[in-house]
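K.L.:
From the sequence below, what's the structure:
(one chain, ligands or ions: 1)
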Amino acid sequence: MRNIDGAGGIVYNVRMATYTAPAKVNLSLRVSSKQREDGYHNVDILMAPIDLCDTLEFTNSRTTTLACDMPGVPTDESNLVFKAVREFEKVYGRKAKQRIALTKGIPHGAGLGGGSADAAVTLKALNEILGTNYAPEELQAMAANLGSDVPFFLNPVVSRCTGRGEIVTPKPELAGWSRPLVLLKPQFAVSTPYAYKNLTCSRRLKGINYGTQQLDDIQFVNELERPVFSKFPVLAAMKTWLLEQEGARVALMSGSGSSVFALTDTPEQARAIAERARQELDPTLFVHCGTVNPQP
Ligand code: C5P
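P.N.:
Predicted coordinates for the structure are as follows:
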């Protein structure tokens, strides 16, 4: 495609490339109660992609700019997409010069890794568009500098994540595993640092099931539920409500919240739960009905 630059009348080739960035849920999240010297906590996470996506469109440009369709999402250097560009440029030694259009499908502050997914896709896209061919290990190192769960999104397949989350080991035995999913998110967001900071000082709420749930040989548990539920009891109530629904086989908070999700046997059951959630819980809930680990 050719384009005429409005300002100087310069003609240049415009190439556009579109990438999708899928969200994740944590099937299991265990945290060491001891804080590391760098301020992080060691974790043992089982992470899976879901069929909820952001889309990023890259176009060659004279400078790097970011636009986003979702009001309230910062489009300046504080956005993880911009940080990913800068991280990439440190290694590249030159400017990436991309106009980036971000279309958000993944809600923010939801424990679904939206910002991290966008950052990982930005690294992968720049590597392809600029023809740098950096090896997966080099991209992993850049990703880990951007956030603990960014490396997972370079290759979003069911994986165990250890260390502070940045050591990613795919689980090939779960590659073909999939389940219908219903996901609920209230309007408010939860801060990840808050969840980790209050790990040891928070109490369990009475009558809430924090225990390990078993399904398909997977153990479902999230140890961040305790600190997050004690500040936001409505999330505990939503998890309990999900567990009571016909067809819900497991229910859990994802990451540090504020999403909670249930897995079912059939898509119809997931759809029925989504419908009831809007009617019985809160019509303003963000509701997604789809699939965990969708198969190609
Ligand atoms: O790595 P990321 O930027 O996503 O982490 C956000 C914050 O969450 C960290 O600054 C830290 O407070 C907390 N965190 C943690 N242990 C982890 C991951 C995150 O304490 N494994």
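K.L.:
Low-confidence stretches in this protein?
P.N.:
For the chain, applying pLDDT under 70 flags the ranges 1-14.
K.L.:
need the helices for the protein, in chain order.
P.N.:
Using DSSP state H, the helices of the chain run over 80-92, 114-129, 136-146, 192-197, 225-231, 233-244, 267-276.
K.L.:
Run through the neighbouring helices and strands of the last one.
P.N.:
Helices and strands touching helix 267-276, as assessed by 3 or more C-beta pairs under 8 Å, 6 or more residues apart in numbering; DSSP states H and E, comprise strand 179-185, strand 260-264, strand 286-292. (Glycine included, C-beta is placed from N, CA and C.)
K.L.:
Can you lay out the ones you listed as CSV showing mean neighbour count and distance to the ligand?
P.N.:
Shown next, in CSV, are the helices and strands packed on helix 267-276 (neighbours: other C-beta atoms under 10 Å; distance: least, C-beta to the nearest ligand atom, whole Å):
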stretch, mean neighbour count, distance to the ligand
strand 179-185, 25, 18
strand 260-264, 27, 19
strand 286-292, 18, 21
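K.L.:
Kindly reformat those as JSON lines containing distance to Trp241.
P.N.:
As requested, these are exported to JSON lines (distance: least, C-beta to C-beta, whole Å):
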{"stretch": "strand 179-185", "distance to Trp241": "9"}
{"stretch": "strand 260-264", "distance to Trp241": "9"}
{"stretch": "strand 286-292", "distance to Trp241": "13"}
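K.L.:
do you know which of those lies nearest Ala135?
P.N.:
With C-beta to C-beta as the measure, strand 286-292 is the member of the helices and strands packed on helix 267-276 nearest Ala135 (29.6 Å).
K.L.:
ok, residues contacting that closest one?
P.N.:
In this structure, residues lying in contact with strand 286-292 by C-beta atoms under 8 Å, 6 or more residues apart in numbering are 25, 27, 48-52, 107, 110, 178-187, 261, 263, 267, 270-271, 274, 277-278.
K.L.:
now do stretch 262-280
P.N.:
Residues outside stretch 262-280 that contact it (C-beta under 8 Å, 6+ apart) are 179-182, 184, 215, 241-243, 245-252, 285, 287-292.
K.L.:
thinking again about what came up before, out of the helices of the chain, nearest to the ligand?
P.N.:
With C-beta to the nearest ligand atom, the closest approach to the ligand among the helices of the chain belongs to helix 192-197: 3.5 Å.
K.L.:
packing partners for that closest one?
P.N.:
On a contact count with 3+ C-beta pairs under 8 Å, 6+ apart, helix 192-197 meets helix 225-231.
K.L.:
Can you list the neighbours in contact with the helix it packs on?
P.N.:
Here helix 225-231 makes contact (C-beta under 8 Å, 6+ apart) with 190, 194-199, 201-205, 208, 210, 235-236, 239, 252-253, 256-258.
K.L.:
Around the ligand, which positions in the stretch 151-296 of the chain sit nearby?
P.N.:
164-165, 192-193, 196 (C-beta under 6 Å from any ligand atom).
K.L.:
Ala144 and Phe152 touch, don't they?
P.N.:
No: if you go by C-beta atoms under 8 Å, Ala144 and Phe152 don't touch, sitting 10.4 Å apart.
K.L.:
And the two? Which one has more around it.
P.N.:
The neighbour count for Ala144 versus Phe152, taken as other C-beta atoms under 10 Å, is higher for Phe152 (28 against 19).
K.L.:
Looking at the residues of the stretch 151-296 of the chain next to the ligand, point me to the pair that's furthest apart.
P.N.:
Spatial extent of those (C-beta to C-beta) is set by the pair Gly165 and Pro193 at 13.7 Å.
K.L.:
So for those two, which residue has more residues nearby?
P.N.:
Gly165 (25 against 9).
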